[in-house]
Each structure stands twice: as structure tokens, then as C-alpha cells.
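[1] sequence? don't have it. structure:
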């Protein structure tokens with residue numbers, strides 16, 4: 001059984017067909033990068049898997065349960081691009097609060113270690129650097145000891161050193177058997193982290209291979225060029 005999946009899912013917003021019968025699955029211990037242009041359907045797919053939106057047709061499941069069910073919520077964590085927490089609480093206070101929502105959370109010390117927050121756990125969130133704040137949000141996503149993480153543009157706004165550090169924590173999560181759905185516009189990030197890449201365009205999955213296979217099939221040396229080639233070809237086929 002996949003950790004999470006969409007089967008023949010469609011979703012409309014008025015006259016706009018955001019998803020057009022897509023199939024998507026995430027397996028245990030893998031990182032799937034979902035890539036696509038703005039408006040391609042990435043956010044809609046993630047919202048359905050998080051239980052924040054309902055499909056018009058098709059099925060969605062997380063650990064075999066409806067995405068909005070308590071069973072699914074207790075086994076997944078999320079680091080979303082738009083996220084805010086009070087700046088007047090200390091790092092450890094944030095983690096302790098979020099951990100209290102889960103039946104079997106990680107120990108505070110383990111969460112701090114896994115998120116690379118050693119030495120700043122007693123500082124106010126508002127006093128942290130941008131990279132440190134992002135690591136706190138990552139800590140809040142993993143403190144419940146989830147099996148599945150949703151990461152939406154997790155390194156946006158970070159400098160190179162902070163981005164690479166967060167990559168290391170993400171790899172460690174997957175190395176412990178966790179699964180990740182990553183959405184990002186940083187092709188280097190997807191190339192470095194993903195086991196598989198799914199490219200979505202105009203509400204359809206147009207490619208789903210390993211990063212190496214995508215580059216080989218498009219005869220491109222970089223994932224960014226391969227991605228642009230796939231989207232261009234798809235647009236030409238739609239017009240034809």
C-alpha cells in the first residue's frame with residue numbers, strides 16, 4: 001500500500017479544471033518531487049492530500065485513510081510556504097506545544113537534534129535568523145514523529161549554506177524510513193533530493209521518472225532544462 005495516493009482525481013474551480021484525472025503515489029521511504037509551472041495544479045494536489053480540499057471525482061488516501069481523518073493527520077507533518085508562529089515564544093516552547101498534539105511525539109532533544117537547532121532552543125523565535133526560523137518550522141513538521149512529510153518550497157528565501165543544511169535534515173528523515181512530497185521551484189533541490197520526479201502541467205501528470213531518467217529521455221544535462229523541455233512539448237501537443 002502506498003503511503004499516499006491520488007487516483008483519477010479531478011478538481012474544478014468554476015470553469016478552471018485544476019486537476020484532470022491525475023494519478024499520483026508516494027511510497028514508503030522515498031522523496032517524490034512534484035514539479036510544475038505556476039497554476040499547473042501542484043497546490044491543489046497537495047491540498048487534497050492534506051484534507052484541505054475535496055476532489056470532485058476520483059479518490060485520495062493517506063495511509064489508506066481519508067486525508068482529513070484523524071488517523072491521517074496524526075501520521076503526517078507539513079511545512080508549508082505560508083506559515084507563521086508567534087515570535088514571542090521560545091524555540092523549545094513551540095516544539096513542546098506542537099508535540100502535545102500527538103500521541104507519540106519525538107523527544108524534545110531528538111527533535112532539536114534532527115532539525116539542527118542545538119544551541120538556539122531557548123531563544124525567542126523572533127530573534128532567529130531566516131535559516132533558523134525555517135529549521136524551527138521543519139522541527140514543528142517532524143516533532144509529532146510522522147511517517148509522511150509535505151514540504152512546500154521548504155528552502156525559499158534561504159542562503160546556500162542554510163539551504164544545504166536543511167537538505168541534510170530532509171535526507172536524514174527519509175533515511176529513517178520517512179516519506180516526503182516536495183514541491184519546489186528549485187530544480188537543483190529536486191535533483192539533489194528526489195528519488196522520483198512527477199511533472200504536472202495544466203492539471204495533468206506529463207512525466208514521472210527518476211531525475212536521471214528525465215534528463216536522459218529529454219537529452220538534457222540539467223533537470224531545469226529537462227523540465228522546460230517537457231512543459232514545452234506538452235504545450236505544443238495541447239495546441240495540436
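    Nice, I can see it. It should be emphasised that the depicted structure is a prediction, and the values quoted were computed from it without experimental measurement.

[2] residue 127: neighbour count?
    13 (other C-beta atoms under 10 Å). (Each C-beta comes from the backbone N, C-alpha and C, glycine too.)

[3] now stretch 90-101: average pLDDT?
    Mean pLDDT, stretch 90-101: 96.

[4] buried sites along it?
    For stretch 90-101, the neighbour count (16 or more other C-beta atoms under 10 Å) marks 91, 92, 94, 95, 98, 99 as buried.

[5] same question, stretch 20-35
    Result for stretch 20-35 [16+ other C-beta under 10 Å]: buried residues 20, 22, 24, 25, 26, 30, 31, 32, 33, 34, 35.

[6] likewise stretch 200-220?
    Across stretch 200-220, burial judged by 16+ other C-beta under 10 Å covers 200-208, 211, 214-215, 218, 220.

[7] what about the helices in the protein?
    Taking DSSP state H to define them, one finds helices in the chain at 42-49, 70-73, 91-99, 108-114, 130-142, 160-175, 187-193, 211-217, 223-239.

[8] show me what the third one is packed against.
    Right, helix 91-99. Contacts of helix 91-99 with other secondary structure elements, assessed using 3 or more C-beta pairs under 8 Å, 6 or more residues apart in numbering; DSSP states H and E, are made with helix 108-114, helix 130-142.

[9] the last one now?
    Counting contacts by 3+ C-beta pairs under 8 Å, 6+ apart, helix 223-239 is packed against helix 187-193, strand 196-201, strand 204-209, helix 211-217.

[10] what sits up against the last one?
    Residues outside helix 211-217 that contact it (C-beta atoms under 8 Å, 6 or more residues apart in numbering) are 190-191, 194, 197, 199, 207, 209, 221-223, 226-227, 230.

[11] how about residue 122: what's its closest non-neighbour residue?
    Setting aside the residues directly before and after it, residue 122 is nearest to residue 90 in space (C-beta to C-beta, 6 or more residues apart in numbering), at 5.6 Å.

[12] do you know how far the one you found is from residue 121?
    Summarising the geometry, the distance separating residue 90 from residue 121, computed by C-beta to C-beta, to the nearest Å, is 7 Å.

[13] next, format the helices and strands packed on helix 223-239 as a markdown table and append mean pLDDT and distance to residue 235.
    As requested, the helices and strands packed on helix 223-239 are exported to a markdown table (pLDDT from 0 to 100; distance: least, C-beta to C-beta, whole Å):
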| stretch | mean pLDDT | distance to residue 235 |
| --- | --- | --- |
| helix 187-193 | 95 | 18 |
| strand 196-201 | 97 | 8 |
| strand 204-209 | 96 | 10 |
| helix 211-217 | 94 | 17 |
